[in-house]
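Q: I would like the atomic coordinates for the input below:
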Amino acid sequence: MYTYISSRTNPTVRLLASLEKKKYREAEGLYLCEGRKLCREAVGRCNVRYAVISEEKKSEELLSLCEESGGEVIVLSESAFEKISQDATPDGVVFAIEIEENGTEGFDGEKVVMLDSVRDPGNVGTVIRSAAAFGFDRVILSDCADIYNPKTVRATMGAIFKMKFTVVPESSCVIGTLKGEGRRVIAAALGESALTLGESLLLDSDCIVIGNEGHGVSEATLCGCTDVIKIPMTDKTESLNAAIAASVIMWAQGFGSK
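A: Just a heads-up that it's a prediction; the model follows:
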């Protein structure tokens, strides 16, 4: 069974459309996931409030997917669906998913990576995807792009449903906790005393900190870190994209020494 809505001004349609913006996502405790692949990944891994189908793309397959999600199934007219869709070429399904609370009390036994002021949603999403691929359990985000931004969610390619997250306003909120667990907190940055990736053994308990795309790890965060590590490169470039740098280091930490 499903509810059919044709009007673009219907309260539920307006609510779903508002989730494009962070302040409404926070107010409603919901975020959007769009596309058949992503929505399939979400089923059974998170709480779906609304499962929405475009009338034009309605099929038994999509109805079954939405019913399986456990959310309220809604079929929207094409005009109403266009109001909530963020994809250039939508394939007809959007889930509104409940945001889960994540604390900062401790990360005992978890493999974690931290992002410090990484502002591009695509980079944040790519790091989340890489973290899942390389065996990490949690991504800590300090002053970063919103993980529930539609661009971030899309870039994770479903990894957002398989990872844990801790979001803090500044890194000092968690660096003390990490050190208290006996971990090294290692910033990816240049420096005379920097460790060199590939020459220094990274432990599963280490937390690598990846900094802002343009300015790197902030001074305040660097002061709290126990070590600094650099990726050896040729002189043909000065730096790597934040998501690529994070992926290289996470691979080395996850598989490079095994």
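Q: which of the residues in stretch 248-256 are buried?
A: Neighbour-count burial for stretch 248-256, counted by 16 or more other CB atoms under 10 Å, picks out 248-250, 252-254. To be clear about C-beta, it is placed using only N, CA and C from the backbone, and glycine gets the same treatment.
Q: In the stretch 101-250 of the chain, where is pLDDT below threshold?
A: 103-104 (pLDDT under 70).
Q: Walking through it, point out its helices one by one.
A: 121-133, 150-156, 172-180, 219-224, 242-251 (DSSP state H, counting those that start in this stretch).
Q: among these, which is nearest Asn10?
A: Between Asn10 and those, the shortest separation by CB to CB is 20.6 Å, and it involves helix 150-156.
Q: can I get the helices of the stretch 101-250 of the chain in JSON lines with distance to Lys22?
A: Formatted as JSON lines, these follow (distance: least, CB to CB, whole Å):
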{"stretch": "helix 121-133", "distance to Lys22": "11"}
{"stretch": "helix 150-156", "distance to Lys22": "11"}
{"stretch": "helix 172-180", "distance to Lys22": "19"}
{"stretch": "helix 219-224", "distance to Lys22": "23"}
{"stretch": "helix 242-251", "distance to Lys22": "20"}
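Q: wait, which of those is closest to Phe107?
A: Per CB to CB, nearest to Phe107 of the helices of the stretch 101-250 of the chain: helix 172-180, 7.0 Å.
Q: So which elements touch the closest one?
A: Contacts defined by 3 or more CB pairs under 8 Å, 6 or more residues apart in numbering; DSSP states H and E place helix 172-180 against strand 138-142, strand 185-188, helix 219-224.
Q: Including mean neighbour count and distance to Arg40, could the ones you listed go into CSV?
A: Compiled in CSV, the helices and strands packed on helix 172-180 are given as follows (neighbours: other CB atoms under 10 Å; distance: least, CB to CB, whole Å):
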stretch, mean neighbour count, distance to Arg40
strand 138-142, 24, 22
strand 185-188, 24, 34
helix 219-224, 15, 37
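Q: Ramachandran coordinates for Arg40?
A: phi -60, psi -40 (degrees, to the nearest 10).
Q: Which residues are in contact with it?
A: Shown in contact with Arg40 (CB atoms under 8 Å, 6 or more residues apart in numbering): Leu65.
Q: Ser6 too?
A: So Ser6 contacts 76-77, 79-80 (CB under 8 Å, 6+ apart).
Q: quick one: which of those residues is nearest to Ser69?
A: Leu76 (15.8 Å).
Q: number of nearby residues for the closest one?
A: 29 (other CB atoms under 10 Å).
Q: Am I right that it is in contact with Tyr50?
A: No. Counting by CB atoms under 8 Å, Tyr50 is not a contact partner of Leu76; they are 10.3 Å apart.
Q: Would you mind giving the contacts of Ser6 as TSV with pLDDT, distance to Glu56 and secondary structure added?
A: Formatted as TSV, these follow (pLDDT from 0 to 100; distance: CB to CB, whole Å; DSSP: H, G, I helix; E, B strand; the rest coil):
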residue	pLDDT	distance to Glu56	secondary structure
Leu76	97	10	strand
Ser77	96	9	coil
Ser79	95	10	helix
Ala80	97	11	helix
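Q: got JSON lines for the buried residues of stretch 248-256, with distance to Arg184 too?
A: Supplementary listing: those in JSON lines, determined by distance: CB to CB, whole Å:
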{"residue": "Val248", "distance to Arg184": "18"}
{"residue": "Ile249", "distance to Arg184": "13"}
{"residue": "Met250", "distance to Arg184": "15"}
{"residue": "Ala252", "distance to Arg184": "14"}
{"residue": "Gln253", "distance to Arg184": "11"}
{"residue": "Gly254", "distance to Arg184": "16"}
